[in-house]
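Compute the structure for the input listed below.
(2 chains)
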Number of protein chains: 2
Amino acid sequence: MDEFELIKKYFSPLEKLDNSTIVRNGDDAAVISVPEWKSIALSVDTLVEGIHFLPDTKPEVIGFRSAAVNLSDMAAMGAQPCYGLLSLVIPDNDEAWLRNFSLGLGECLDEYNCSLIGGDTARGPLAISLTMVGHVSGPPLTRAGAKIGDTILVSGTLGDASGALGILNKTPLDAEEKFLVERYERPLARISLSINLLGIANSAIDISDGLLADAGHIAAASDVGIDLLASSIPISPSLSSVYTEKEALEFALSGGDDYELMYTVPQDALVEAYAMAATEGIKLTKIGMVTEGSHVRCLSGENEDIILKTKGYKHF
Amino acid sequence: MDEFELIKKYFSPLEKLDNSTIVRNGDDAAVISVPEWKSIALSVDTLVEGIHFLPDTKPEVIGFRSAAVNLSDMAAMGAQPCYGLLSLVIPDNDEAWLRNFSLGLGECLDEYNCSLIGGDTARGPLAISLTMVGHVSGPPLTRAGAKIGDTILVSGTLGDASGALGILNKTPLDAEEKFLVERYERPLARISLSINLLGIANSAIDISDGLLADAGHIAAASDVGIDLLASSIPISPSLSSVYTEKEALEFALSGGDDYELMYTVPQDALVEAYAMAATEGIKLTKIGMVTEGSHVRCLSGENEDIILKTKGYKHF
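Here you go, the predicted structure:
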């Protein structure tokens, strides 16, 4: 099967046909109408085998996560994602792999009503690069908006996906382990929560490099310090049951695969933020405060300062 | 130097700062304003080392061509390109390579006043994936609009870049060879010509897979036949001087690296099309007609039919 047949069979079904599509996938470029948009959000994320996932990762998991990591970037801006363009570099034409990859990708895109409108394939070492296009109503959430005095909130629980990495191939998995693996394999992007927090939160970032590293990105972009309280960081019962307290905290502080969101919210908007999250059925947890300075500091429960200079996840 | 420093040093300068940029490169996603756009065009193209370019290709050439092949897709829609997002997978942190790659990429993006607003880098076997965003005023040029009776026009000359492939590393090059190599290393996207042909041409495609293959794409998408006349296909004096007539024609029919455009234009709009091209200083040449059928046929000068069933360039 050649490139054109391959695309048609597995990826054309991921294109949603609606009135906004002027020129469909398969022409030189896709063209879509943007009648009411004031601004568009654009992001690209690339997953490389051996770097972002292990060679034996299930193709449906690679597909699902390819979309999820990108959608999480959209969430971090308060953007409504709409369209994806896929660049797929694959070593061979393994039809079973492609079918399962496209199923995972499609499942995640479907979850957020996104349409795959374009792409390109090439032969080479496995790498997946997805570009997402969304739109934002009003000023977007950025990394640069945090203000001294803001409360730092995170969605959901942290560290679960990192806790899953060591047990992905274990069989059988007990219920707690299954929860962790699910959190790795099918991360949720906090799209609607973030859209609801537009105008409420001062800043946002998706936790893709780990809480400490991403708090460092907020600190640097906003020119503020970040004080976190270790004991307040939300850890799931599953992570606590599978790992020691110290291990669980380490995963929560440094793991980046949950794709939860960190927001900073001014005092007078906190009640509204909690209420918005409650309507979404998502727990927002206060984990710290934005302070003067340029540090990221995590205080342990015993008033013992743990100073953590963060430099971000090193891609090189 | 880590990913963040690397991006800042070599790729941040490729972002043009203007009023349309709401959130700059470096946040989770870029956000741009689109106040007057009715529709946006989106395309992605991926270049993989060993497939799309040889391992010893100069990084500035890889950079320039990464943008040019994408811009050519924009041209094929009649779109005005504006923004690029770069996914760069590189084996190591070779600063000289990155500097020269970014110079070539920047030179091409500058030529068309495009801004690099986002990206991602990862470590792995060299692959470059660029997503371009543009906008279209009115109905775009597509592959599906060709009508029986349309005249088939191509811009510039064909086959030059293919003719260059065999002499890229030759030294010294004579003037004719230099011309061919320049055509390969710095292909021009026919942006303004295509924008001027909106509402005049019925269909367009960029010749990236070779004239016969791309004519086949038009035939398939428009449900028409394509008759080409071999003797009318524009061959540059340089290609003719370096290669035999037969070799030159083969390059022109099957080579895809020139990124010239093929248009189909109805009879009553031909004069206007030629005039538009003349104002751009570009030669449009009539090379055939759109007919009934589903074939692509290239007639030689001696009335001898050469039937060419085209299946497109095989990516796999």
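
buried ones in stretch A:95-104?
Residues A:W97, A:L98, A:N100, A:F101, A:S102, A:L103, A:G104 are the ones in stretch A:95-104 that count as buried (16 or more other CB atoms under 10 Å in any protein chain shown). C-beta coordinates here come from the backbone N, C-alpha and C atoms, glycine included.

do it and chain B meet at all?
No: for stretch A:95-104, no contact with chain B is found by CB under 8 Å from any CB of the partner chain; the gap never falls below 10.9 Å.

okay, stretch A:33-40 in PDB with CA atoms only?
The C-alpha coordinates for stretch A:33-40 follow below in PDB (Å, rounded to 0.1, in the frame of the first residue of the first chain):
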ATOM      1  CA  SER A  33     -13.200  28.900   7.300                       C
ATOM      2  CA  VAL A  34     -12.700  31.000  10.400                       C
ATOM      3  CA  PRO A  35     -15.700  33.300  10.400                       C
ATOM      4  CA  GLU A  36     -15.900  34.300  14.000                       C
ATOM      5  CA  TRP A  37     -12.400  33.800  15.300                       C
ATOM      6  CA  LYS A  38     -10.400  36.700  16.600                       C
ATOM      7  CA  SER A  39      -7.200  34.800  17.300                       C
ATOM      8  CA  ILE A  40      -5.800  31.400  16.700                       C
END
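
and it, average pLDDT?
Here stretch A:33-40 scores 85 as its mean pLDDT.

ok, that stretch near chain B or not?
Yes: Stretch A:33-40 is in contact with chain B by CB under 8 Å from any CB, via A:S33, A:V34, A:P35, A:W37, A:K38, A:S39, A:I40.

among the buried residues of stretch A:95-104, which are in helices?
A:W97, A:L98, A:N100, A:F101, A:S102, A:L103, A:G104 (DSSP state H).

For A:A75, give me phi and psi.
phi -60, psi -40 (degrees, to the nearest 10).

show me what contacts it?
A:A189, A:R190, A:I191, A:L193, A:S194, A:A204, A:D206, A:L261 (CB atoms under 8 Å, 6 or more residues apart in numbering or on different chains).

can you give me the strands in chain A?
For chain A, applying DSSP state E gives strands covering A:21-23, A:30-33, A:39-48, A:80-90, A:115-123, A:127-135, A:151-155, A:203-206, A:225-229, A:261-265, A:284-291, A:296-299, A:305-307.

ranking those by mean pLDDT, which is last?
Across those, strand A:305-307 gives the lowest mean pLDDT, at a mean of 57.

Is it correct that A:P59 is in contact with A:W97?
Yes: look at A:P59 against A:W97 with CB atoms under 8 Å: they come within range, at 4.8 Å.

Counting neighbours, what do you get for A:D56?
If you count neighbours by other CB atoms under 10 Å in any protein chain shown, A:D56 ends up with 8.

Can you pull the phi/psi pair for it?
Backbone phi and psi, for A:D56 under degrees, to the nearest 10, turn out to be phi -100, psi 10.

excluding its backbone neighbours, what's nearest A:P125?
B:P125 (4.3 Å; CB to CB, 6 or more residues apart in numbering or on different chains).

and the two most separated of the residues of stretch A:33-40 next to chain B?
Within the residues of stretch A:33-40 next to chain B, two members stand farthest from each other by CB to CB: A:S33 and A:S39, at 15.6 Å.

A:G156 and A:F101, how far apart?
A:G156 is 26 Å from A:F101, where distance means CB to CB, to the nearest Å.

Chain B versus A:Y10, what's the distance?
Applying CB to the nearest CB, to the nearest Å, the value for A:Y10 to chain B is 13 Å.

closest point of the stretch 151-300 of chain A to chain B, which residue?
A:D206 (5.9 Å; CB to the nearest CB).

and that residue, what does it touch?
By CB under 8 Å, 6+ apart, A:D206 lies in contact with A:S72, A:D73, A:A75, A:A76, A:A189, A:R190, A:D214, A:Y259, A:E260, A:L261, A:M262, B:D28.

rerun at 7 Å
By CB atoms under 7 Å, 6 or more residues apart in numbering or on different chains, A:D206 lies in contact with A:S72, A:D73, A:A75, A:A76, A:Y259, A:L261, B:D28.

Please apply the same query to A:A41.
Contacts of A:A41 (CB under 7 Å, 6+ apart): A:M74, A:M77, A:A79, A:G134, A:H135, A:V136, A:P140, B:A29, B:V31.

quick revisit: can you flag the buried ones in the residues of stretch A:33-40 next to chain B?
By 16+ other CB under 10 Å, the residues of stretch A:33-40 next to chain B give A:S33, A:V34, A:W37, A:S39, A:I40 as buried.

The fourth one reaches A:S137, doesn't it?
No: at 8.6 Å, A:S39 and A:S137 do not qualify as touching, with contact defined as CB atoms under 7 Å.

how far away is the closest residue in space to A:L211 that isn't next to it in sequence from B:P172?
Spatially, and ignoring its direct neighbours in sequence, A:L211 is nearest to A:L253 (5.3 Å; CB to CB, 6+ apart). Between A:L253 and B:P172 the computed distance is 60 Å (CB to CB).

now A:L261
For A:L261, the distance to B:P172 - CB to CB - is 59 Å.

And those two? Which one has more around it.
A:L261 (29 against 6).

ok now do A:K283, which residues does it touch?
A:K283 is in contact with A:G156, A:A277, counting by CB under 7 Å, 6+ apart.

quick one, phi psi at it?
Per degrees, to the nearest 10, the backbone of A:K283 is at phi -90, psi 130.

Looking at strand pairing, list the partners for the residue nearest to A:A277 when sequence neighbours are not counted.
Nearest residue to A:A277 in three dimensions, chain neighbours excluded: A:L284, at 4.2 Å (CB to CB, 6+ apart). Bridge pairing for A:L284 (DSSP bridges) gives the partners A:S155.

Run a quick check on A:L284 versus A:I152, I expect a contact.
No: the criterion here is CB under 7 Å, and A:L284 misses it with A:I152 at 10.3 Å.

Check which residues of stretch A:140-149 are buried.
A:P140, A:L141, A:T142, A:R143, A:A144, A:G145, A:A146.

State the mean pLDDT of it.
96.

Do that stretch and chain B come into contact?
Yes: using CB under 7 Å from any CB of the partner chain, we find that stretch A:140-149 touches chain B at A:P140, A:T142, A:R143.

residue ranges with poor pLDDT in the stretch 151-300 of chain A?
Applying pLDDT under 70 to the stretch 151-300 of chain A flags no residue at all.

interface residues of it facing chain B?
A:I205, A:D206.

Return the distance of the nearest residue to A:R143 once chain neighbours are set aside relative to B:R183.
Closest residue to A:R143 apart from its sequence neighbours, by CB to CB, 6+ apart: A:A221 at 3.8 Å. The gap separating A:A221 from B:R183 is 44 Å, by CB to CB.

Who has more neighbours out of those two?
Between A:A221 and B:R183, counted using other CB under 10 Å, the more crowded position is B:R183 (25 against 17).

Pretty sure that one sits against B:D258.
Yes: using CB under 7 Å, B:R183 is in contact with B:D258, at 6.2 Å.

overlap in contacts of those two?
Taking CB under 7 Å, 6+ apart as the criterion, B:R183 and B:D258 both touch B:D160, B:A161.

contacting residues for the closest residue to A:L193 other than its chain neighbours?
Excluding the flanking residues, the one nearest A:L193 by CB to CB, 6+ apart is A:E280, at 4.9 Å. By CB under 7 Å, 6+ apart, A:E280 lies in contact with A:S192, A:L193, A:N196.

A:L126 now?
Going by CB under 7 Å, 6+ apart, A:L126 touches A:E49, A:V89, A:I90, A:P91.
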